[in-house]
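From the sequence below, what's the structure:
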Amino acid sequence: KEGKAATPGLKIIDFGEGNTPDEAMGYIAGTPGYQAPEVVKDGECSFASDIYSTGVSLIEMWAGDMWDGAETRGEGYEGMRGEVLGALAKIQKGDPKVAAILRRCIAEQPARRPSARQLLKALKAVRTQGRAPSKLIALRGRGWAANKT
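Numbering: from 1, shown residues only. Below you'll find the model as predicted:
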C-alpha cells in the first residue's frame, strides 16, 4: 500500500492443488522428493510433513541444483532421499550449523522435526551467531537431541 514500508519476509503460496476438505479426502498431492516419508508411505500429512518439505527446499536453495535424476532412473523415494542427503553433505562441509538444522527438518520420524517456530529461531540464531541452534531446536517435548539425525 502507498505510504507503508514493505515488511521483509518470504511467503510461498501455491493454491494450484487447493481443495475443499471434502475434495481433499484421500487425495495426495506433492512433488516427489519433497514429500515426507509418512506422506509417501501412508498419505499422512501434518505440520511436520510441511517442515520436511521446507527442509528439502532450503537444502536445495543452500546447495544449488541437487536433483540428479533418481525419479527418472526409477529409484523412487529412496533414490531421491539419497540426492537430498548428498546435497546436505555439501552443506555440512561449508556450514555445519546450518546442516544440523536442516538435517532435523528432514528427519524420517515426524516427531524429530522442529516446529516452524523452532526452525525460525534456529535459523535466526545462526544468522546472528547467537545461541547454538541445537539449544533452540531441542526444546522440551521433542523426541530428539542435538546429536541425533
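
Run a quick neighbour tally on Gly69.
11 (other CB atoms under 10 Å). Every residue, glycine included, has its C-beta placed from N, CA and C.

Go through this protein and flag its longest helix.
Longest helix in the chain, counting residues (DSSP state H): helix 76-94.

Give me the buried stretch members for that helix, please.
Going by neighbour count (16 or more other CB atoms under 10 Å), the buried part of helix 76-94 is 77, 79-81, 83-84, 87-88, 91-92.

export the following helix or strand past that helix as CSV, just CAs?
Proceeding N to C from helix 76-94, the next assigned helix or strand is helix 96-105, under DSSP states H and E. Taking C-alpha atoms only, helix 96-105 is exported to CSV below (Å, rounded to 0.1, in the frame of the first residue of the first chain):
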residue,chain,number,x,y,z
PRO,A,96,27.8,-27.4,9.8
LYS,A,97,25.4,-25.3,12.0
VAL,A,98,23.0,-24.9,9.1
ALA,A,99,23.4,-28.5,8.1
ALA,A,100,22.5,-29.6,11.6
ILE,A,101,19.3,-27.6,11.5
LEU,A,102,18.3,-28.9,8.0
ARG,A,103,19.1,-32.5,9.0
ARG,A,104,16.5,-32.2,11.7
CYS,A,105,14.0,-30.8,9.2
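
What's the mean pLDDT across the helix or strand following helix 96-105?
Stepping forward along the backbone from helix 96-105, the first helix or strand reached (DSSP H and E) is helix 116-128. For helix 116-128, the mean pLDDT works out to 90.

what do you get for stretch 38-49?
When pLDDT is averaged over stretch 38-49, the result is 90.

For that stretch, buried residues please.
Buried-residue list, stretch 38-49, by 16+ other CB under 10 Å: 38-40, 45, 48-49.
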